[in-house]
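**Student:** With the input below, show me the fold.
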Amino acid sequence: MRNSLWLAVLALFALASAGVTNKDLEEDAKKAVIFDVEDVTKEYTLEALVADANYTETEIFLSNLESTTNSGAVSTAAKPIYHNGTEDKRILGGTLIDDAALLVAPLNSILFVQTKNAAGIVLNNCGGVLLSSIWGLTAAHCVALATTINVYGGQIADPTAGTPTSRAKAIIHPNFRLNFLTDNIALLNILTPLALGASVAPALLSLAKPATLDNMVFTTLGYGLADDNVFDPAAATLSHVNMQNMNKLTCNQQTLGIFVTYPANTGCLSTAGGTKGICKVDPGGPVFHTGPNDDVGKIIGINSQIVGCPRQEPSSFTWINPYIKWIQDKTFKKFT
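**Tutor:** Numbering: from 1, shown residues only. So this is what the prediction gives:
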């Protein structure tokens, strides 16, 4: 039966692909400006794939097909994409940071990262984390296609107010692959050193090993989106949330039902049944862990993928531990 399901998936994707013409590609190339028509390919992040209409139709088709097999009749109730039928692109179940006095360590290491292409079109709004006045970290997919990277720090709301805090160059991990979000981590070399202070301060990297951290509570934060369709920085606010680090095997069992397996060197944050979690604009931001000998939280990971928001399935983050040597080799600093 499973083979027949996959044949159905392939058939649907073949039909969807057949609708893309050369004229469509040429129009897309004109909008992007920097792409040559022959080189245009549609690359999906996991989040974009789940939001894609063709994927949604496939999931509904498989849900109906399985209902037919089990009961002999096609169910009219399609499998929902979102846990409660809505899509709220904000940090869920968290605490609003509505006073600068609340932006304390390690939360004051948060960065807002906005990237643009050669035409000045915004590609991504993401989170990031500060390691020093000239170094930071983010998710590689946030900066992979960018020609301009603007970095902002120290804001609890409206993160892009005024002029950019600084421009940055990205150093993307050499094993990163956009379509699969493997090794989804990048260094930010901040060209104009940030002025450090109470609201802008670096965080340290945690040396804790992932195998020892199952079911531990981590903290993450981000700006989220102001509405379902268009991110408006002027309306953005900063929130933080505590989430449980899931056992990876348990995580994979939960995402298998939507045909997702998070790659190696990633951990999973439980959404507590879709009541808390990161959403769009939050990937790239830090995940903190406070060890038994730590005064404040240290960076244990970088938020990577979500499959919807709110969603029952966990989100993923890139563990820092496997990349500490790479970070040291590129920056000549330890940050631990």
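**Student:** where in the stretch 151-300 of the chain is pLDDT low?
**Tutor:** Counting by pLDDT under 70, the ranges of the stretch 151-300 of the chain that qualify are 162-164, 225-229.
**Student:** tell me the helices in it, going along the chain?
**Tutor:** Taking DSSP state H, counting those that start in this stretch as the test, the helices found in the stretch 151-300 of the chain are 248-255.
**Student:** would you list every one of the strands in it?
**Tutor:** 166-172, 186-190, 217-222, 239-246, 266-269, 286-289, 298-305 (DSSP state E, counting those that start in this stretch).
**Student:** want to throw those strands into CSV with mean neighbour count and distance to Leu96?
**Tutor:** To be clear about C-beta, it is placed using only N, CA and C from the backbone, and glycine gets the same treatment. Putting those into CSV (neighbours: other C-beta atoms under 10 Å; distance: least, C-beta to C-beta, whole Å) gives the following:
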stretch, mean neighbour count, distance to Leu96
strand 166-172, 19, 26
strand 186-190, 23, 26
strand 217-222, 23, 10
strand 239-246, 20, 5
strand 266-269, 25, 19
strand 286-289, 26, 18
strand 298-305, 27, 18
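**Student:** Which of those strands sits closest to Gly127?
**Tutor:** Smallest distance to Gly127 across the strands of the stretch 151-300 of the chain (C-beta to C-beta): 4.8 Å, for strand 217-222.
**Student:** any idea of the angle the closest one forms with strand 239-246?
**Tutor:** 140 degrees (axes from the mean of the first three to the mean of the last three C-alpha atoms, to 10 degrees).
**Student:** Tell me what angle strand 217-222 forms with strand 298-305.
**Tutor:** 60 degrees.
**Student:** quick one on the thing from earlier: output the strands of the stretch 151-300 of the chain in JSON lines; the columns should cover distance to Val122.
**Tutor:** JSON lines is the format used below for these (distance: least, C-beta to C-beta, whole Å):
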{"stretch": "strand 166-172", "distance to Val122": "15"}
{"stretch": "strand 186-190", "distance to Val122": "17"}
{"stretch": "strand 217-222", "distance to Val122": "17"}
{"stretch": "strand 239-246", "distance to Val122": "22"}
{"stretch": "strand 266-269", "distance to Val122": "26"}
{"stretch": "strand 286-289", "distance to Val122": "22"}
{"stretch": "strand 298-305", "distance to Val122": "19"}
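**Student:** Quick one: closest of those to Thr138.
**Tutor:** Comparing those by C-beta to C-beta, strand 186-190 comes nearest, at 5.6 Å.
**Student:** okay, the angle between the closest one and strand 166-172?
**Tutor:** Using the same axes, to 10 degrees: strand 186-190 against strand 166-172 is 150 degrees.
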